[in-house]
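Asks: below is the sequence, then the predicted model.
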Amino acid sequence: MKVALLGLGTVGRGVYRLLTANAYSIAQKVGAAVEIARILVRDPGKDRGVAVEPSLLTTSYGDILEDPEISIVVEVMGGIRPALDYVMAALERGKSVVTANKDLIAAHGRELLQEAMARNVDLLFEGSVAGGIPIIRPLKHCLAANRIREIMGIINGTTNYILTKMTFEGTDFLEALREAQARGYAEADPSADVEGLDAARKLAILASIAFNTRVALDSVFVEGISRITARDIAYAGELNYVIKLLGIAKDTPEGVEVRVHPTMIPKNHPLASVNDVYNAVYVRGDAVGEVMFYGRGAGEMPTASAVTGDIMEAARRVLHGAPALVGCTCFAEKPVKPVGEIESKYYVRLLVADRPGVLASIAYAFGDKEVSLASVIQKHSDGERAEIVMVTHRVRERNMQEALQLVERLSSVYQVGSCIRVEGD
Ligand code: NAP
Ligand code: HSE
């Protein structure tokens with residue numbers, strides 16, 4: 001069974017290593033040896049830390065596309081172009097495709113799946129969400145009988161690694177990001193991780209499959225972790241919370257709710273102890289109840305595990321001439337709920353003038369927008385300026401944002417330092 005790799009970076013190298021190291025057991029499970037016949041790279045001269053026969057490397061995609069013996073194309077290059085053209089061309093030629101590329105699936109999953117279905121070939125993308133954790137196939141197969149009500153998860157390894165380092169070791173944000181990059185967790189452009197876009201892409205994919213409706217990337221509300229400070233992490237700890245970048249998707253009667261943002265969750269919440277590069281996805285279905293998937297969400301070998309599992313699945317079907325796996329499952333058209341309509345509790349940190357009447361004016365502004373305060377704590381004061389931390393009761397997002405605008409306009413408020421949603425209690 002001949003396969004071609006497009007890319008020999010972190011994930012491609014892992015797939016090469018895994019197919020080589022476990023060649024015998026993989027061949028037994030598939031029913032044929034799985035051989036890497038070609039590898040597309042940009043720079044064949046680059047040292048990749050893995051011993052690859054130089055004649056396998058090519059810079060010409062035509063060498064792969066035109067080879068009728070290559071049945072499976074494994075796209076681990078990343079980005080939209082030229083990955084989209086390459087994947088589409090492979091499907092059109094009747095080759096199955098395995099990809100770990102969430103940018104591609106989130107933006108073009110529908111058309112690619114339609115092409116795969118039309119050609120009766122597989123388009124598999126388990127590695128695109130949560131690295132080594134099996135989540136796509138469980139949603140499409142094992143949990144398919146359920147109506148999925150909710151998905152909540154830590155689905156970006158880089159930001160979870162950064163937040164863990166900042167929380168437990170006091171590591172500076174940029175240093176923690178550099179470590180995550182050195183470990184191969186981060187995207188080529190790490191701002192996609194830090195600003196929440198990578199998690200949003202994964203959430204769009206998960207919500208589309210779980211709720212059987214196409215959730216476009218631009219309908220996901222996104223806020224990253226770049227504004228989270230060591231102070232917020234410390235205050236969260238004092239309040240018995242931890243801060244995590246969560247992806248939250250709910251199927252509600254008013255529409256689908258999809259959002260990615262830093263979230264304070266209680267220390268005893270199951271997601272609170274998911275640290276380092278680990279990811280976890282909590283799923284609630286009407287029949288199964290609650291299930292949780294946990295494992296390494298990024299990195300060479302965990303992602304290679306998911307990608308290689310897909311290669312083996314596709315290989316078995318090519319060998320046996322079996323029909324392709326289930327393709328597009330988006331048969332419904334559900335509206336997306338505007339973010340202003342969601343409800344949450346909020347943590348707010350303000351820098352204010354330390355003088356009588358200030359708290360009352362802030363409480364009045366919140367009250368004007370029906371935001372009810374659960375607790376108010378004064379943290380620091382230098383006699384002139386004080387830092388206060390507040391936690392609200394559950395309130396609609398629109399009311400909260402309007403209240404913050406009123407608060408910001410008060411002459412006694414110097415700065416709204418941060419506003420972080422609180423979930424899970
Ligand atoms: P990477 O380390 O940057 O590797 C990308 C590889 O693709 C490199 O070998 C590069 O070749 C090759 N490439 C890129 N553009 C090319 C082009 N136009 N023509 C030919 N070759 C090209 O990336 P990665 O971390 O392995 O990620 C690959 C994909 O997996 C991405 O979609 C990513 O989102 C996804 N993913 C990554 C992880 C992770 O933990 N890293 C986890 C899950 C999913 P050169 O080496 O010659 O430049
Ligand atoms: N950059 C991604 C992450 C890779 O950190 O989770 C896995 O998709």
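Replies: Perfect, thanks for sending it. Numbers count the residues shown, from 1 in each chain. Ligands and ions are numbered 1, 2, ... in the order given.
Asks: quick one: residue 108 and residue 84 touch, right?
Replies: Yes - at 5.6 Å, residue 108 counts as touching residue 84 under the criterion of C-beta atoms under 8 Å. Placement of C-beta: from N, CA and C, glycine included.
Asks: what does the stretch 51-200 of the chain have sitting close to ligand 1?
Replies: 76-78, 82, 100-102, 127, 131, 184-185, 187-188 (C-beta under 6 Å from any ligand atom).
Asks: which one of those is nearest residue 162?
Replies: The nearest member of those to residue 162, counting by C-beta to C-beta, is residue 185 at 9.6 Å.
Asks: mind giving me the packing neighbours of the lowest-mean-pLDDT helix or strand in the chain?
Replies: The weakest-scoring helix or strand in the chain, judged by mean pLDDT, DSSP states H and E, is strand 373-381 (a mean of 89). Taking 3 or more C-beta pairs under 8 Å, 6 or more residues apart in numbering; DSSP states H and E as contact, the helices and strands that strand 373-381 lies on are helix 358-368, strand 385-392.
Asks: nearest to ligand 1, of these?
Replies: For these, proximity to ligand 1 was assessed by C-beta to the nearest ligand atom; strand 385-392 is nearest, at 35.0 Å.
Asks: off-centre distance for the helix or strand following that closest one?
Replies: Beyond strand 385-392 in the direction of the C-terminus, DSSP states H and E gives the next helix or strand as strand 395-396. Here strand 395-396 is found 26 Å from its chain centre; the criterion is C-alpha atoms, centre = their mean, to the nearest Å.
Asks: now the residue of the chain found nearest ligand 1: how far from residue 76?
Replies: Of all residues in the chain, the one sitting closest to ligand 1 is residue 9 (1.7 Å; C-beta to the nearest ligand atom). In this view, residue 9 and residue 76 are 7 Å apart by C-beta to C-beta, to the nearest Å.
Asks: looking at these two, which is more packed in?
Replies: residue 76 (27 against 17; other C-beta atoms under 10 Å).
Asks: how does this protein divide into domains?
Replies: Domain assignment of the chain by automatic domain parsing yields the ranges 2-131+300-320, 136-296, 340-422.
Asks: now the second one: average pLDDT?
Replies: Put plainly, it is domain 136-296. Mean pLDDT, computed over domain 136-296, is 97.
Asks: and it, end to end?
Replies: End-to-end distance for domain 136-296, by C-alpha to C-alpha, to the nearest Å: 15 Å.
Asks: touching ligand 2 at all, that domain?
Replies: Yes - when contact is scored as C-beta under 6 Å from any ligand atom, part of domain 136-296 falls within range of ligand 2: 156, 157, 158, 185, 186, 187, 193, 198.
Asks: in TSV, list those along with neighbour count and secondary structure.
Replies: Formatted as TSV, the residues of domain 136-296 next to ligand 2 follow (neighbours: other C-beta atoms under 10 Å; DSSP: H, G, I helix; E, B strand; the rest coil):
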residue	neighbour count	secondary structure
156	37	coil
157	29	helix
158	27	helix
185	29	coil
186	26	coil
187	20	coil
193	27	helix
198	29	helix
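Asks: tabulate those residues (a markdown table), appending distance to residue 310.
Replies: Written out in a markdown table, the entries for the residues of domain 136-296 next to ligand 2 read as follows (distance: C-beta to C-beta, whole Å):
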| residue | distance to residue 310 |
| --- | --- |
| 156 | 21 |
| 157 | 19 |
| 158 | 23 |
| 185 | 20 |
| 186 | 23 |
| 187 | 20 |
| 193 | 23 |
| 198 | 20 |
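Asks: and which of those is nearest residue 42?
Replies: Residue 42 lies nearest to residue 187 out of the residues of domain 136-296 next to ligand 2, by C-beta to C-beta, at 17.0 Å.
Asks: which residues of the stretch 1-150 of the chain fall in strands?
Replies: Secondary structure of the stretch 1-150 of the chain (DSSP state E, counting those that start in this stretch): strands located at 2-6, 35-40, 57-58, 70-75, 96-99, 123-124, 148-154.
Asks: which one of those is the most hemmed in?
Replies: strand 96-99 (a mean of 28; mean count of other C-beta atoms under 10 Å).
Asks: what are the contacting residues of that one?
Replies: Outside strand 96-99, the residues within contact range by C-beta atoms under 8 Å, 6 or more residues apart in numbering are 71-76, 83, 87, 90-91, 105, 112, 116, 121-125, 127-128, 307, 310-311, 314, 317-318, 324.
Asks: for stretch 102-122, same thing?
Replies: 75, 78-80, 83-84, 87-88, 91-92, 94-99, 123, 125, 128-129, 198, 200-202, 204-205, 208, 214, 217, 310, 313-314, 317, 323-325, 327-328, 330.
Asks: list only buried entries from those.
Replies: Among those, those classed as buried by neighbour count (16 or more other C-beta atoms under 10 Å) are 75, 78, 83-84, 87-88, 91, 95-99, 123, 125, 128-129, 198, 200-202, 204-205, 208, 214, 217, 310, 313-314, 317, 324-325, 327-328, 330.
Asks: among the residues you listed, which are in helices?
Replies: 83-84, 87-88, 91, 198, 200-202, 204-205, 208, 310, 313-314, 317 (DSSP state H).
Asks: does stretch 104-123 reach ligand 2?
Replies: No - for a cut-off given as C-beta under 6 Å from any ligand atom, stretch 104-123 has no contacts with ligand 2; the smallest distance is 11.4 Å.
Asks: what are the buried residues along that stretch?
Replies: Quick answer for stretch 104-123 (16+ other C-beta under 10 Å): 104-109, 112-113, 115-117, 119, 121-123.
Asks: among those residues, which one sits closest to residue 33?
Replies: Each of the buried residues of stretch 104-123 was checked against residue 33 using C-beta to C-beta; the closest is residue 122, at 19.2 Å.
Asks: for residue 418, what is the enclosing helix or strand?
Replies: Short version, using DSSP H and E: residue 418 is in strand 413-422.
Asks: what strands line up against that strand, and which way round?
Replies: In the sheet containing strand 413-422, its partner strands are strand 255-266 (parallel), strand 343-353 (antiparallel), by DSSP bridges.
Asks: having no further points to raise, I will conclude here.
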